[in-house]
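Q: Okay, structure incoming, though there's no sequence with it:
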């Protein structure tokens, strides 16, 4: 009986230790290009507009990068298509009768620290496309543009969130 308790205790400790080892660096490559859309404020209206712009940006970026595997090529495609992206954002905002200005910046941009699904994404300056709506004081949406870790949502197929797990967790879930 004592052996079973010690074995179970050991498995739980290993599960906790292994689970804490996973970090954003294990998921997001160092040379990734991120994308971020910042809402004007946290009002329901501004957040709704942010998500409409996010959908446009995500779709446009997916279209131009869908067959790209080289970072340098991705950078050039983004640079060469920024005016098209700005036009699509402008059209979307006009359709929504949104009167506030917006900006699009491609370069090194600040990202605050964020925790998502137990993974901590460190704050810092990252190569990214950032769309700021109005004053940019609202919540933001962001993901990895290249390699396309979250651009799969822009495809016309149904996708689900990626769920990361460990072998120890799988064993514990299966038998306990």
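A: That came in fine, so what should we check first? Here the structure is a predicted model, which means the values were calculated and not measured. Numbers count the residues shown, from 1 in each chain.

Q: count of residues packed around residue 140?
A: 18 (other C-beta atoms under 10 Å). For glycine as for every other residue, the C-beta is placed from the backbone atoms N, C-alpha and C.

Q: Tell me the helices and strands packed up against the longest helix along the chain.
A: Scanning the chain for the longest helix, with DSSP state H as the assignment, gives helix 71-95. For helix 71-95, the elements it packs on are strand 33-38, helix 44-65, strand 102-111, strand 124-133, strand 140-146, judged by 3 or more C-beta pairs under 8 Å, 6 or more residues apart in numbering; DSSP states H and E.

Q: just those: most buried one?
A: Greatest average neighbour count among those goes to strand 33-38 (a mean of 23), per mean count of other C-beta atoms under 10 Å.

Q: Contact partners for the spatially closest residue to residue 93 that is not a sequence neighbour?
A: Here the nearest residue to residue 93 in space, its sequence neighbours aside, is residue 102; by C-beta to C-beta, 6 or more residues apart in numbering that works out to 6.6 Å. By C-beta atoms under 8 Å, 6 or more residues apart in numbering, the contact set of residue 102 is 53, 89, 90, 93, 131, 132, 133, 134.

Q: what about 7 Å?
A: Residues in contact with residue 102, defined by C-beta atoms under 7 Å, 6 or more residues apart in numbering, are 89, 93, 131, 132, 133.

Q: a markdown table please, covering these and showing pLDDT.
A: Below are the contacts of residue 102 laid out as a markdown table (pLDDT from 0 to 100):
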| residue | pLDDT |
| --- | --- |
| 89 | 98 |
| 93 | 97 |
| 131 | 98 |
| 132 | 98 |
| 133 | 98 |
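
Q: Which two of those have the greatest separation?
A: 93 and 132 (12.5 Å; C-beta to C-beta).

Q: Dump the helices and strands packed on helix 71-95 to TSV, plus distance to residue 71.
A: Shown next, in TSV, are those (distance: least, C-beta to C-beta, whole Å):
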stretch	distance to residue 71
strand 33-38	8
helix 44-65	11
strand 102-111	14
strand 124-133	9
strand 140-146	7
